[in-house]
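Enquirer: Okay, predicted coordinates and the sequence, questions at the end:
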Amino acid sequence: MNKATFSGRLFRDFITNKYLYLMMLPVVAYYAVFQYAPMYGVLIAFKDYSPLKGIMGSPWAGLEHFKAFFDSYYFLRVLKNTVIISVYSLLFEFPAPILLALMINEVRSRRYRNLVQTVTYMPYFISMIVIAGLIRDFTDSGGVVNTLYSYFGGDGTSMLQQSGLFRPLYILSEIWQKIGWESIIYLAALMAIDQEQYEAARIDGAGRLKQMWYVTLPGILPTIVILFILRMGNLLNVGFEKIILLYNPVIYDKADVISSFVYRKGLLEFSWSYSTAVGVFNSLINLTLLVLANWISKRVSNNSLW
Amino acid sequence: MRGISAHRTKLVVTALTAVMLLIAGCSGNNNGANSAASSGGSSSEPASQEGASVSYPITTDQTLTYWAEYNTTKSTIDEVPFFQEWQKRTGVPLKFTSPPAGQSKDALNILLASGDLPDMIEYDWFNFPGGPEKAIADGYILRLNDAIDKYAPNLKKYLQEHPEIDKMLKTDNGSYYTFPFLRGDPLLQVYQGPIVRGDWLEELGLQTPETIDEWHTVLKAFKEQKGATAPLSFQMSFLNEGAFVGAFNASRVWYQEDGVVKYGPMQSGYKDFLNTFHNWYDEGLLDKNIANVDGKALDANITTGATGATVHNSGSGIGKWTPLLVENDPKAKLTAAPYPVINKGDIPKFGQKDPIYTTGTNVAITSKAKNVELAARLLDYGYSDEGHMYFNFGQEGLSYEMKGDLPTYTDLLMNNPEKLSPSQAMSLYIRANYGGPFVQDKRYIKQYLTLPEQQSALEVWTKTDVDKYKIPQVTPTPEEASELAQIMNDVNTLIDEMTLKIILGNEKVDAYDGYMEKLKSLKIDRAIEIQQAALDRYNKR
């Protein structure tokens, strides 16, 4: 009875809202075709995949490729490096655009504001290979950054040859590249804050700092939380492009991450199955972290993705 | 009524039969055309006689597809005159695809994964992950024994005349897998070695260094008296052929001694090498950025006089830098130095020497090839007399002229009116400086190396014992190859890391012993076993 009512209700809903359903169709189709269908490709992580035999035709390998990854001599090291670089960028790079947005928000001169925004966006649009070239030139012995660093105790050798400096360089350059671009979304959120709240705060005698703390920050907190949760879902995805453009064997012990390791081992050796297995492993961890972050945030702040 | 109806039925049946016959006839014709095409290009052509040579150009209406990495000043391969004329001369229309420069491995990876293969792929098939046998077993490329036997009379003839080359080209199973690029003369096999600023040596009254001690003296003089900030600079990979490391009876890579395979970094001499280089680094004789040196950085070091010695090629090193140096300092000169040794008079153990069959640019016919015979005939052209001239010298009257017996490159190549460098201009009209399916001619190198320093460099660098120690082109089985690749991947990470860390002084020289312990746990012994077995099989071929 219940069932019948449900399907009956569904059917009636179809009839009344048929155009809405029709409009939804392309979106559903998009997800089915481009997001869900390719997922069966995950199978190749459990197979000895050869393109000419196809996904179904390739022989099963079980958990062989996962084992090869976990047993690898460098597994722990690359996992550790990946997590550390991710956590550092969460700690230092994630808050940077928020601070920038807050500061831009306080600037009263319109022209100055535009100037700052344009200047900070710029690095985002430079291609990664050029960025890496710049970083290398600046940090080699005789480069600008290296010369500055030598005033603070650097010994003048190429900074990318000192493993202790890799993570700071990586994070700082990340901030430099992305701070402007990532601040856009916060600036948008700032625009949405009701001006009357500021007026009320001012009448109550709040200074600019207090206004920022009690009005502005709570106003953009939901945005921050959502972006933070999404960020957690990418924790293990440290992109390999920048790393392989910057690293060298001397600093492997700090710079070698999962993706660069897989690039050397998987892609250049044409082991698709192996690379996929690592990808599946990454996704599982990321998914777990995402769910966890979402759950905590729901408990603590009532903000969540779902 | 009945009669009429019967009559009608008959008519219909007849008509139907006629139609069916027509269809059958058509499809019959189609089959005929197809089989003719797949065995011989086009039916009117006498080429299909197996084993016989054809007269080029072949007449065909099929277009073949060809994948190759090719660095050129033109925006696509199709615009390169060499490839346009190649199609005209062989009569085989081609469609080219080409990966972005330096990304051929990534691009091939994606190409193979797509399963949508062109007819021919020019690549380093010998170093295909898993080896050439795996590329055949996985169904990417064809075993070419049949095709070469039937449709490549010129290559076949060459291999019959050169059995030692024939041995290199096959796998252990006796499979041919490519149309190879072959170095036709020992002069073409050696092109790399230590290079020093000859004018600095003369000015300082020093001899060309031969021993490690002499090198030390020279580098120190460069630093102190010529103000060189990075007296010795090179890209680490250029030590793989044995420069400097070889003096200490070690190597960065595999080698053999009396049929026994050895892994260079495991030899005790490697530690001595690290020790010496660490000392040099401490004394400021070695480039401070040594871990980061790439081609661009090296160019800058050499041309600004920060560096007085390096390891590089005669063409892209001496040939490229000398004109740039001479612009500022007419006396500047880059001369070749022999591979360093410990005791004066010793013959260096290692040195760069390409095998006759260099594995870089060889053309395989893929399993998806529409017309194997046509592809084979196209690729065989380079080994014919006419093709030999065309690949090495290009078109007579345009890129070369006969002066007596000697085909001489014209100004179009050597003194290009559009200000292209000789190597850039050459890559538009010939393939002698790039490789491909043909036998390279030594008359190319004699003209390409225009500077007297380049000519003498070859003689200096040739004097090594590398022939005795080099591992020939062995082919592990596909299973062995993938196991070897797994092991060597970690091993190479370890060795690269160790080498640089010790040289830079991040770790003490004695850390070497600890690394050797780790090497054992990476299963290096198994890797040695695999290499040894492959070498034994090769020697038995």
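Expert: That came in fine, so what should we check first?

Enquirer: Could you find the residue in the stretch 401-541 of chain B that comes nearest to chain A?
Expert: residue B:496 (3.6 Å; Cβ to the nearest Cβ). (Glycine included, C-beta is placed from N, CA and C.)

Enquirer: surely that residue meets residue A:249?
Expert: Yes. If you go by Cβ atoms under 8 Å, residue B:496 and residue A:249 touch, sitting 3.6 Å apart.

Enquirer: Need the residues touching each of the two.
Expert: residue B:236 (Cβ atoms under 8 Å, 6 or more residues apart in numbering or on different chains).

Enquirer: Enumerate the residues of the stretch 1-150 of chain A near chain B.
Expert: Counting by Cβ under 8 Å from any Cβ of the partner chain, the stretch 1-150 of chain A comes close to chain B at A:50, A:51, A:52, A:53, A:54, A:68, A:72, A:73, A:74, A:136, A:140, A:141.

Enquirer: Repeat the analysis, applying 10 Å as the threshold.
Expert: Applying Cβ under 10 Å from any Cβ of the partner chain, one finds that the stretch 1-150 of chain A approaches chain B through A:44, A:48-54, A:68, A:71-74, A:77, A:133, A:136-137, A:139-143, A:146.

Enquirer: ok, now the stretch 151-300 of chain A?
Expert: Selection of the stretch 151-300 of chain A residues close to chain B by Cβ under 10 Å from any Cβ yields A:155-164, A:246-253, A:256, A:261, A:263-272, A:274-275.

Enquirer: could you flag which of those residues are buried?
Expert: Using 16 or more other Cβ atoms under 10 Å in any protein chain shown as the burial test, these include A:157-163, A:246-253, A:256, A:261, A:263-267, A:269-272, A:274-275 as buried.

Enquirer: what mean pLDDT does stretch A:5-13 have?
Expert: Per-region confidence: stretch A:5-13 scores 85 on mean pLDDT.

Enquirer: now it, how far from the chain's geometric center?
Expert: Computed by Cα atoms, centre = their mean, to the nearest Å, the chain-centroid distance of stretch A:5-13 equals 42 Å.

Enquirer: got a list of contacts for that stretch?
Expert: A:20, A:21 (Cβ atoms under 10 Å, 6 or more residues apart in numbering or on different chains).

Enquirer: ok, the residue in chain A that chain B sits nearest to - contacts?
Expert: Nearest residue of chain A to chain B (Cβ to the nearest Cβ) works out as residue A:249 at 3.6 Å. By Cβ under 10 Å, 6+ apart, residue A:249 lies in contact with A:161, A:255-256, B:236, B:291, B:492-501.

Enquirer: In terms of helices and strands, where is the residue of the stretch 401-541 of chain B closest to chain A?
Expert: Using DSSP states H and E, residue B:496 falls within helix B:478-504.

Enquirer: Next, the buried residues of stretch A:125-141.
Expert: Buried residues in stretch A:125-141 (16+ other Cβ under 10 Å): A:131, A:132, A:134, A:135, A:136, A:137, A:138, A:139, A:140, A:141.

Enquirer: What is the lowest-pLDDT residue among those residues?
Expert: Minimum pLDDT across these is recorded for residue A:141, with 80.

Enquirer: so it touches residue A:162, yeah?
Expert: No. Contact criterion Cβ atoms under 10 Å: residue A:141 and residue A:162 do not qualify, at 11.2 Å.
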